[in-house]
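[1] After the sequence you'll find the predicted model.
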There are 2 protein chains.
Amino acid sequence: MSSVGEKRKAKKYVLVKYYHGEPKESDFEIVEEDLPEVKDGEIMVEALYYSIDPYMRAHMQLHKLPIDMIGRQLAKIMASRHDSYPVGCHIVASLGWRTHTVFKPEIPFQTESLPVVRVPDISPHPLSLSLGMLDMPGNTAHFGITESLKPKAGEIVVITGAAGAVGSHAGQIAKILGCTVIGFAGTDEKCKYLINELGFDHAFNYKTVDVPTVLGEAAPTGVDCYFDNVGGEISYKIMRQMKQQGRITVCGSISSYNATEPAKVTIMQPIIAFKELKIEGFLCLSLGEQMVGRYEQDIGVD
Amino acid sequence: MSSVGEKRKAKKYVLVKYYHGEPKESDFEIVEEDLPEVKDGEIMVEALYYSIDPYMRAHMQLHKLPIDMIGRQLAKIMASRHDSYPVGCHIVASLGWRTHTVFKPEIPFQTESLPVVRVPDISPHPLSLSLGMLDMPGNTAHFGITESLKPKAGEIVVITGAAGAVGSHAGQIAKILGCTVIGFAGTDEKCKYLINELGFDHAFNYKTVDVPTVLGEAAPTGVDCYFDNVGGEISYKIMRQMKQQGRITVCGSISSYNATEPAKVTIMQPIIAFKELKIEGFLCLSLGEQMVGRYEQDIGVD
């Protein structure tokens, strides 16, 4: 453990080339930098886990190169001149892909930050849960379902990217709310996991089934709610089988993030108008302190 | 004028071939049929004006051939065995493209009907206004703006299909509400009309301008609200220049109705998610009695 003022180096990932198709190692450089001294009100943390998320790709392409990689990390406080953040505690913060960081917890270290969360003792659960299920992916699922999509008991909820970090939690939350949950994922193994482990009512491998057929069988009277993580043509197919005034929450568009050109898909406006669909884009980012509030309430941080 | 019980023929347009591209005369047949006797509670009306609307095309393609053409008509009551609908009165009703109709005003004559409206004396205004500005297009504009899009004074509202029956009214209503209104239309003449006659703040010919450039100049801080009548690629360009949590009402998708294949356009989900857009499909059809209520309130029918 470092003491206050000790000279230390940080390493960080910097994006030096915009991805073309799948990201490659050569799109990044690892840059070393001297850490500044820890001043009054600041802390120095060491990263334990990074959250590597699909949204990052789209985000990076909106900014000029070179770009420090963004994102949440679970870190341990190694030095502190801040009474509320003592040495040895764990935090989750928007610090990006860097090993060590000196910063003031109240001031965003990167633009578009979520607030710093102090991690309580969650043993015997693994500490990494505080970065996933308890942080951005879990909160996107929780608030995306409860504040955006708002499914009612008895309604049919379809989830794409259903085995992903967000989708798998969204489906479980919809089940707790009394919904019938239909998931789409990309392997048979994932589908078995969704049904047998997570309690989804149906799960289909979108690569091997005919989406309209299986959806017509699983939801013969139509789909009430759609939690969309992937965008693209499968979303259009699902929208065609929604009930009048069905609701959609769009949390991501994974299907398109690795495309070299913006994907061309079937025009959606006719189905939006004729079915009077309600569609809402949802970002965890806008939750801000609300997210921390829920965390502290559920987990008992004070 | 016919008396009750007189034998009379009706002519109607029947769609016998699904349109391929632009509709052709040979896609239709004119069919003659005997009108039934006017029974208790029924009326017989003669059509004066038909409303020919873009939505019809999309609607027809959802049904099996041959299909009686649907839609609103302004008609005169020629015979009546219903006390509330005396001979000589005018009504607007969902009777389709037919010259004469015998029906009970309380029972929908075609599926997906709007209620029958009794037309008051609106002279010196032309009677046909009761089919346009006071009926489906005007109500789509009125309720689409006031109940779906809900722009606030000072907000920037973009309207596509701005010189159309719905768009031209939507823009005027948004102006009355204190918004800055930007219209897109397909000829310079329409744009002049929008600015000089209807009071739009800006109007652009989408065929000759670069949409992102003119929108960047007219709305440098971004677009708050978008009233979408056309769908497609221009809608994607407008969505890219919306503010975070911007609102969109989709009333139609004119750009795609005459396409021989469903149009392929740039995927919208990434921009929906990252901008947290709220999109709502809006159909006048769902208004039902609410529409008639507004009509009777504004126009003074009792």
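    Happy to help now that I have it.

[2] State the distance from residue A:240 to residue A:182.
    Using CB to CB, to the nearest Å, residue A:240 is found at 15 Å from residue A:182. All C-beta spots, glycine's among them, are computed from the backbone N, C-alpha and C.

[3] Who has more neighbours out of those two?
    The neighbour comparison of residue A:240 against residue A:182 (other CB atoms under 10 Å in any protein chain shown) goes to residue A:182, with 26 against 16.

[4] tell me the average confidence for the helix or strand the more buried one falls within?
    According to DSSP states H and E, residue A:182 maps onto strand A:180-185. Throughout strand A:180-185, pLDDT has a mean value of 98.

[5] What pairs with it, parallel or antiparallel?
    strand A:156-160 (parallel), strand A:202-205 (parallel) (DSSP bridges).

[6] Distance across stretch A:185-200, terminal residue to terminal residue?
    One end of stretch A:185-200 sits 12 Å from the other (CA to CA, to the nearest Å).

[7] contact partners of that stretch?
    A:161-163, A:167-168, A:171-172, A:175, A:181-183, A:201-208 (CB atoms under 8 Å, 6 or more residues apart in numbering or on different chains).

[8] Buried by neighbour count: which residues of that stretch qualify?
    Buried positions in stretch A:185-200, judged by neighbour count with 16 or more other CB atoms under 10 Å in any protein chain shown: A:185, A:186, A:190, A:191, A:193, A:194, A:198, A:200.

[9] Equivalent analysis for stretch A:155-168, please.
    Using 16+ other CB under 10 Å as the test for burial, stretch A:155-168 gives A:155-168.

[10] re earlier: quick one, which of the strands paired with strand A:180-185 is nearest to residue B:267?
    Nearest to residue B:267 among the strands paired with strand A:180-185 is strand A:156-160 (13.7 Å), distances taken as CB to CB.

[11] Next secondary structure after the closest one?
    Moving toward the C-terminus from strand A:156-160, the next element (DSSP H and E) is helix A:165-176.

[12] Contact residues of the stretch 1-150 of chain A facing chain B?
    Proximity of the stretch 1-150 of chain A to chain B (CB under 8 Å from any CB of the partner chain) is limited to residues A:55, A:58, A:59.

[13] Most neighbours out of those residues, which is it?
    residue A:55 (23 neighbours).

[14] and it, how far is that from residue A:71?
    According to CB to CB, residue A:55 stands 9 Å off from residue A:71.

[15] of the buried residues of stretch A:155-168, closest to chain B?
    Using CB to the nearest CB, residue A:160 is the member of the buried residues of stretch A:155-168 that sits closest to chain B, with 10.3 Å.

[16] Tell me which residues touch that closest one, please.
    Counting by CB under 8 Å, 6+ apart, residue A:160 makes contact with A:167, A:183, A:184, A:206, A:226, A:227, A:228, A:229, A:230, A:234, A:235, A:238.

[17] could you dump these to a markdown table with secondary structure and distance to residue A:135?
    Converted to a markdown table, the contacts of residue A:160 look like this (DSSP: H, G, I helix; E, B strand; the rest coil; distance: CB to CB, whole Å):
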| residue | secondary structure | distance to residue A:135 |
| --- | --- | --- |
| A:167 | helix | 16 |
| A:183 | strand | 22 |
| A:184 | strand | 25 |
| A:206 | coil | 28 |
| A:226 | strand | 24 |
| A:227 | strand | 19 |
| A:228 | strand | 21 |
| A:229 | coil | 17 |
| A:230 | coil | 21 |
| A:234 | helix | 27 |
| A:235 | helix | 26 |
| A:238 | helix | 28 |
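
[18] Make a markdown table from the residues you listed and add distance to residue B:45 to it.
    A markdown table is the format used below for these (distance: CB to CB, whole Å):
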| residue | distance to residue B:45 |
| --- | --- |
| A:167 | 54 |
| A:183 | 53 |
| A:184 | 50 |
| A:206 | 52 |
| A:226 | 43 |
| A:227 | 48 |
| A:228 | 46 |
| A:229 | 52 |
| A:230 | 51 |
| A:234 | 47 |
| A:235 | 44 |
| A:238 | 43 |
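
[19] Of those, just say which sits nearest to residue A:251.
    Distance to residue A:251 across those (CB to CB) is lowest for residue A:229, with 5.4 Å.

[20] Helices - which of the residues of the stretch 1-150 of chain A next to chain B land there?
    A:55, A:58, A:59 (DSSP state H).

[21] For residue B:16, which of the strands paired with strand A:180-185 is the nearest?
    Taking these one by one with CB to CB, strand A:156-160 is closest: 37.4 Å.

[22] Can you lay out the strands paired with strand A:180-185 as CSV showing mean pLDDT?
    Formatted as CSV, these follow (pLDDT from 0 to 100):
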stretch, mean pLDDT
strand A:156-160, 98
strand A:202-205, 98
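
[23] and residue B:115, which of these is closest to it?
    strand A:156-160 (31.0 Å).

[24] tell me the angle that closest one makes with helix A:165-176.
    Counting by axes from the mean of the first three to the mean of the last three CA atoms, to 10 degrees, strand A:156-160 points 170 degrees away from the direction of helix A:165-176.

[25] just how off-centre is strand A:156-160 within its chain?
    Distance, stretch centre to chain centre, for strand A:156-160: 17 Å (CA atoms, centre = their mean, to the nearest Å).

[26] unless I'm mixing things up, residue A:270 is touching residue B:258, no?
    No: under the criterion of CB atoms under 8 Å, residue A:270 makes no contact with residue B:258, lying 11.9 Å away.

[27] neighbour count winner among the two?
    Each of residue A:270 and residue B:258 has its neighbours counted (other CB under 10 Å); residue A:270 has more, 24 against 13.

[28] can the strands paired with strand A:180-185 go into a markdown table with extra columns for distance to residue A:18?
    What follows is the strands paired with strand A:180-185, written out as a markdown table (distance: least, CB to CB, whole Å):
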| stretch | distance to residue A:18 |
| --- | --- |
| strand A:156-160 | 26 |
| strand A:202-205 | 32 |
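
[29] so which of the ones you listed comes closest to residue B:85?
    Across the strands paired with strand A:180-185, closest to residue B:85 is strand A:156-160 (CB to CB), at 42.8 Å.

[30] CA atoms only: put the closest one into CSV for me.
    Provided in CSV are the C-alpha atoms of strand A:156-160 (Å, rounded to 0.1, in the frame of the first residue of the first chain):
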residue,chain,number,x,y,z
ILE,A,156,-45.5,-10.6,-22.3
VAL,A,157,-41.9,-9.2,-22.3
VAL,A,158,-39.4,-10.0,-25.1
ILE,A,159,-35.7,-9.4,-24.4
THR,A,160,-32.9,-9.5,-27.0
